[in-house]
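# Provide a 3D model corresponding to the input given below.
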Amino acid sequence: MVIYLSVMELAFAKAAIKALRAMQPKPAQAMTARLAAIAGDPMALHLNVKPLKGRKDAYRLRQGDWRAIYVIDRKAQRMHVLDIDTRGDIYK
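Numbers count the residues shown, from 1 in each chain. Coordinates of the predicted model:
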């Protein structure tokens, strides 16, 4: 049996950091924990994660009423969190 462990660097854009600071502490911690878990093994099957159409290696994470948009850079081994917002505002 071969087990591949992949750990990526987790990077947040300014908009994502601003959104995390605006969130209540509990949802912000939950969102950060989920993003860190995904960065720990980005190729695994994660609940509430879907690929975005029209953009390579871009994904959406749903955590309650909040959504996070992130991109996986496989060459740099980095996961960029671009934005975090509510469902009605994230896709604008």
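# what's the least confident helix or strand in the protein, going by average pLDDT?
Least confident helix or strand of the chain, by mean pLDDT, DSSP states H and E, is helix 87-90 with a mean of 85.
# remind me what it packs against, helices and strands.
For helix 87-90, the packing partners by 3 or more Cβ pairs under 8 Å, 6 or more residues apart in numbering; DSSP states H and E come out as strand 66-73. Just so you know, the C-beta spots here come from the backbone N, C-alpha and C atoms, and that holds for glycine as well.
# what's next to the least confident helix or strand of the chain, contact-wise?
With contacts defined as Cβ atoms under 8 Å, 6 or more residues apart in numbering, helix 87-90 is touched by 60, 62, 65-67, 69, 83-84.
# so which of the residues you listed comes closest to L52?
Checking the contacts of helix 87-90 against L52 with Cβ to Cβ, the nearest one is R60 at 5.7 Å.
# so where is this protein shaky, pLDDT-wise?
Residues of the chain that meet the criterion pLDDT under 70 lie in 1-6.
# longest helix in it, please.
Scanning the chain for the helix with the most residues, using DSSP state H, yields helix 25-40.
# contacts for the following helix or strand past it next, please.
With elements assigned by DSSP states H and E, the helix or strand that comes after helix 25-40 is strand 49-51. Residues outside strand 49-51 that contact it (Cβ under 8 Å, 6+ apart) are 38, 58-62.
# cutoff 6 Å now
Identification of contacts with strand 49-51 by Cβ atoms under 6 Å, 6 or more residues apart in numbering yields 59-61.
# who wins for neighbours among those?
L61 (20 neighbours; other Cβ atoms under 10 Å).
# am I right that that one sits in a strand?
Yes - assignment of L61 by DSSP: H, G, I helix; E, B strand; the rest coil places it within a strand.
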